[in-house]
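Student: give me a 3D structure for the following:
(one chain, ligands or ions: 1)
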Amino acid sequence: MDINMNYTIELCKELLEIPSPAGYTDEVMARVEKELKEFGVEYNYTRKGSIVAFLKGENSDYTKMVSAHVDTLGAIVKKVKSNGRLELMGIGGFAWGSVEGENVIIHTLNGEKIEGTLLPVKSSVHIYGDIPREMARTAENMEVRIDEDVSTEIETKKLGICQGDFVSFYTKTKVLESGYIKSRYLDDKVCVAQLLAYVKYLKENNEKPKNDLYLYFSNFEEVGHGVSVVPEKVDEFIALDIGLVGEDAHGDEKKVSIAARDNKTVYDLKVRKDLQETAFKNGINYTVGVYNRYGSDATALILQGQDLKYACIGPNVDATHHYERTHMDGILETIKLLVAYL
Ligand SMILES: [Zn+2]
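Tutor: Numbering: from 1, shown residues only. Reported below is the predicted structural model:
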């Protein structure tokens, strides 16, 4: 299998560069669209702004759909404070400590991008002694210091910043010689890149998927309602999303994860068994994921009451929803599983 890893990593880096907290995904979706156009794949936008693409398979008796989400964690301005700084409300599930000290961009309604930094309201130990060490990192205890001359609510509002503006965090993306890739929001941009790398593989090798295949680039996964349009003929839905590394999760950054259970559902046994057997037969290194607190686009769809077979696979990622890390090998194993299974 000749998978173009250079393409995958370069595209992943490009996608990570484009801020896309859930609800603010037009620009990143346009980047996905550019790639689909290049490959000559037919696609449509849904009303919610996601993209559904279609690849004709060798047979049409059974239809699969694979999703990857372009949206990420982020925040929204909850309040312009009297000191001119911003209180935020998070988008998606993350710990405020994971973004402490991170640079941010405030995206105003008229299209301005304004720089700032997320800090605890009492950050300097020189001033506050032990308080910065001990205070809880909650939304109320954090604020955005804006890198402009503002110290009052009125001055900040004059910049065009208002309640409801989206705030994105810098990703600090690093691709290392060792093959490790560190970044915020590998979840799920690495999977978007993998899915497009799979399409590139098909096009370059003049291959078709075994079955008719829909690709769904979803844009509200982190807030729990990613996929909303499923053509009637779809029999099986696979969420391409990160696996977990850590205590009891048994993930490995150099292997692909096949999920057995998250906290909301068990995954379809037959599909999981097929995926595991496919991996085994093709010498693809995998782990089986049992996730303590996790949901995928597949979980959300099943909980909507859809009648489908469903699974969740993806590269194992360390420190998910924090400063994440995965390895080139795990990305490659995931794409290999896509090729072998689909
Ligand atoms: Zn995800």
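Student: am I right that residue 12 is in a helix?
Tutor: Yes: counting by DSSP: H, G, I helix; E, B strand; the rest coil, residue 12 is part of a helix.
Student: OK, contacts around it?
Tutor: 181, 186, 189, 190, 192, 193 (C-beta atoms under 8 Å, 6 or more residues apart in numbering). For the C-beta atoms, the positions are set from N, CA and C on the backbone; glycine is no exception.
Student: where does the stretch 201-342 of the chain get nearest to the ion, which residue?
Tutor: residue 241 (4.3 Å; C-beta to the ion).
Student: show me the contacts for that residue.
Tutor: 68, 69, 187, 188, 191, 221, 296, 297, 312, 313, 314.
Student: now the fourth one, nearest residue through space, not along the chain?
Tutor: Spelled out, it's residue 188. Leaving aside its sequence neighbours, residue 188 sits nearest to residue 69 (C-beta to C-beta, 6 or more residues apart in numbering; 4.5 Å).
Student: bridging residues for that neighbour?
Tutor: residue 218 (DSSP bridges).
Student: touching, it and residue 225? I think so.
Tutor: No: using C-beta atoms under 8 Å, residue 69 is not in contact with residue 225, being 10.9 Å away.
Student: how is this structure divided into domains?
Tutor: Domain segmentation of the chain under automatic domain parsing yields 5-72+185-341, 74-169.
Student: whether the shortest one contacts the ion - can you check?
Tutor: No: using C-beta under 5 Å from the ion, domain 74-169 never reaches the ion; the gap is at least 8.9 Å.
Student: I'd like the distance from that domain to the chain centre, please.
Tutor: 23 Å (C-alpha atoms, centre = their mean, to the nearest Å).
Student: now the end-to-end length of it.
Tutor: With C-alpha to C-alpha, to the nearest Å applied, domain 74-169 spans 6 Å between its terminal residues.
Student: which parts of the stretch 151-300 of the chain are helices?
Tutor: Counting by DSSP state H, counting those that start in this stretch, the stretch 151-300 of the chain has helices at residues 153-158, 186-204, 269-281, 297-303.
Student: can you tell me which of these is nearest to residue 33?
Tutor: helix 186-204 (10.9 Å; C-beta to C-beta).
Student: ok, back up a step: which ones among the contacts of residue 241 come in contact with the ion?
Tutor: 187, 188.
Student: residue 267 touches residue 274, doesn't it?
Tutor: No: in this structure, residue 267 is not within contact of residue 274 by C-beta under 8 Å, at 11.6 Å.
Student: neighbour count winner among those two?
Tutor: Neighbours of residue 267 and residue 274, each counted by other C-beta atoms under 10 Å, are more numerous for residue 267; the result is 25 against 16.
Student: which residues are in contact with the closest residue to residue 68 other than its chain neighbours?
Tutor: Residue nearest to residue 68 in three dimensions, not counting chain neighbours: residue 191, with 4.0 Å by C-beta to C-beta, 6+ apart. By C-beta under 8 Å, 6+ apart, the contact list for residue 191 reads 68, 69, 240, 241, 242, 314, 315, 334.
Student: by neighbour count, which of those residues wins?
Tutor: Within the contacts of residue 191, residue 315 tops the neighbour count with 33 neighbours, counted by other C-beta under 10 Å.
Student: and that one, that one's in a helix?
Tutor: No: applying three-state DSSP, one finds residue 315 to be strand, outside a helix.
Student: show me where the stretch 151-300 of the chain has strands.
Tutor: In the stretch 151-300 of the chain, the segments counted as strands under DSSP state E, counting those that start in this stretch are 166-169, 174-175, 180-183, 211-218, 236-240, 243-245, 256-261, 286-290.
Student: okay, the ones you listed in JSON lines with mean pLDDT next?
Tutor: Output for those, formatted as JSON lines (pLDDT from 0 to 100):
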{"stretch": "strand 166-169", "mean pLDDT": "98"}
{"stretch": "strand 174-175", "mean pLDDT": "98"}
{"stretch": "strand 180-183", "mean pLDDT": "98"}
{"stretch": "strand 211-218", "mean pLDDT": "98"}
{"stretch": "strand 236-240", "mean pLDDT": "98"}
{"stretch": "strand 243-245", "mean pLDDT": "96"}
{"stretch": "strand 256-261", "mean pLDDT": "96"}
{"stretch": "strand 286-290", "mean pLDDT": "96"}
